[in-house]
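Student: 3D, please:
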Amino acid sequence: MLTLKAISTTATPGFSQAWQWYEEAFPPEERRTLEQQTQLFTDSAYRFLAIMDQEEFAGFFGIWQLSGFTFLEHFAVVPSHRGKGTGSKALAILLETIPPPVLLEVEPPHSEIAQRRIRFYERLGFLLNDFEYRQPPYVAGMHWVPLLLMSYPSALDPSELEKVKGQLYNFVYQQAV
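Tutor: Residues are numbered from 1 along each chain as shown. Model prediction:
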């Protein structure tokens, strides 16, 4: 049985395992430093959740509750739990517990893995929005990353895009807009 376990500090049991997987799962331009993550635990809009399969660590979510939407910033499942439905089940559990709409970022479908990732989210009810979007860097000196936004349960209205980007840039990436 899958459960979601809140990790609220770097001292929370399971944090070190989740952090190790976070660093392996995301390239440097798409992740925070440990110092940034430690500071983030003080932000009431942010939650870091371990995905547990019985008592075994299976992955994690990093989510933000922003004004008018929930942002799924990070989601990864460890390799030993892939292909078993763990990711789908965990995301379904999360979607039952957070208020919609839910937004997330994906790489443009220029590679097979990016296409598979988009199809995974589409099977769970997410829709790919055809807007130009770039993720600001987490660390000074890194490049902005061209990505796309997916939304659940419906497409993002074009008129909402600037508001969404403003909140993501200001709160998640701490970039002045």
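
Student: so what's L66 bridging to?
Tutor: F69 (DSSP bridges).

Student: ok, it to Y133 distance?
Tutor: L66 sits 15 Å away from Y133, going by CB to CB, to the nearest Å. All C-beta spots, glycine's among them, are computed from the backbone N, C-alpha and C.

Student: Likewise for M52?
Tutor: Counting by CB to CB, the gap from M52 to Y133 is 32 Å.

Student: Report the separation between Y138 and L34.
Tutor: For Y138, the distance to L34 - CB to CB - is 12 Å.

Student: quick one, which of the two is more surrounded?
Tutor: Comparing Y138 with L34 by other CB atoms under 10 Å, the one with more neighbours is Y138, at 20 against 12.

Student: Tell me the secondary structure at M150.
Tutor: Secondary structure, DSSP: H, G, I helix; E, B strand; the rest coil: M150 is strand.

Student: excluding its backbone neighbours, what's nearest it?
Tutor: Leaving aside its sequence neighbours, M150 sits nearest to F126 (CB to CB, 6 or more residues apart in numbering; 4.3 Å).

Student: need the contact list for the one you found.
Tutor: F126 makes contact with 102, 104, 150-152 under the criterion CB atoms under 8 Å, 6 or more residues apart in numbering.

Student: Can you tell me which of the residues you listed is nearest A18?
Tutor: L104 (18.3 Å; CB to CB).

Student: neighbours of the closest one, just the number please.
Tutor: Around L104 there are 20 residues (other CB under 10 Å).

Student: Was I right to think S154 contacts L127?
Tutor: Yes - with contact defined as CB atoms under 8 Å, S154 reaches L127; the gap is 6.6 Å.

Student: which one of these two has more residues nearby?
Tutor: Taking other CB under 10 Å, S154 and L127 do not tie; L127 has more neighbours (15 against 11).

Student: Just give the nearest non-adjacent residue to the more buried one, would you?
Tutor: A155 (4.7 Å).
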